[in-house]
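Q: The following block contains a protein sequence and its predicted model.
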Amino acid sequence: MSGGPLAIKPGLLIPEAELEESYSRAGGPGGQHVNKVATRATLRWNISTSSVLRQAQRARLLEKLASRLSGSGVLMVHASSSRSQSANRQEARERLAELVREALVVRRKRRPTRPTRGSKERRLTNKKRTGERKRSRQRFREE
């Protein structure tokens, strides 16, 4: 059953030949059906040997997805939420694409900013008001 190349983002397609699919019996509820039919889909993609990634992309994926990779750099995704093998297969493909898509996003570096004069004044005014409120709750003592 061929699903064609997996589209990650414009300009990045994982060829079908690099994706390895396997099926096994899913656990959980489902009665006899679950014990007879291999509906759990497992999708594997070896990031280390992939021919479609540039070196920077490969390094980024290996770093960002390190906790999800096997020792040899294989990303593995399981899907077993549906009773249908084809639905689980599609879900696994979508999940793998989403994982890779999110890992490839380069976040902009935060530029530190300074608080404005107005925000400083508002903060100090609020502090004074809170202090006054607390002081007014104290009992007055005559000495």
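A: Noted; the coordinates are in hand.
Q: Next, the distance between the ends of stretch 35-54.
A: 43 Å (CA to CA, to the nearest Å).
Q: residues making contact with that stretch?
A: Stretch 35-54 is touched from outside by 12-15, 18-27, 58, 61-62, 65, 69, 72-80, 82-85, 88-89, 91-93, 96, with contacts defined as CB atoms under 8 Å, 6 or more residues apart in numbering. (Each C-beta comes from the backbone N, C-alpha and C, glycine too.)
Q: Just the ones of those in helices?
A: In helices, defined here by DSSP state H, the members of the contacts of stretch 35-54 are 58, 61-62, 85, 88-89, 91-93, 96.
Q: Rebuild those as a markdown table, extending it with distance to residue 108.
A: Below are those laid out as a markdown table (distance: CB to CB, whole Å):
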| residue | distance to residue 108 |
| --- | --- |
| 58 | 22 |
| 61 | 19 |
| 62 | 22 |
| 85 | 41 |
| 88 | 36 |
| 89 | 36 |
| 91 | 31 |
| 92 | 31 |
| 93 | 30 |
| 96 | 26 |
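Q: pLDDT check: weakest of those residues?
A: Least confident entry in the ones in helices among the contacts of stretch 35-54, by pLDDT: residue 85, with 85.
Q: For that residue, grab the count of nearby residues.
A: By other CB atoms under 10 Å, the residues close to residue 85 number 18.
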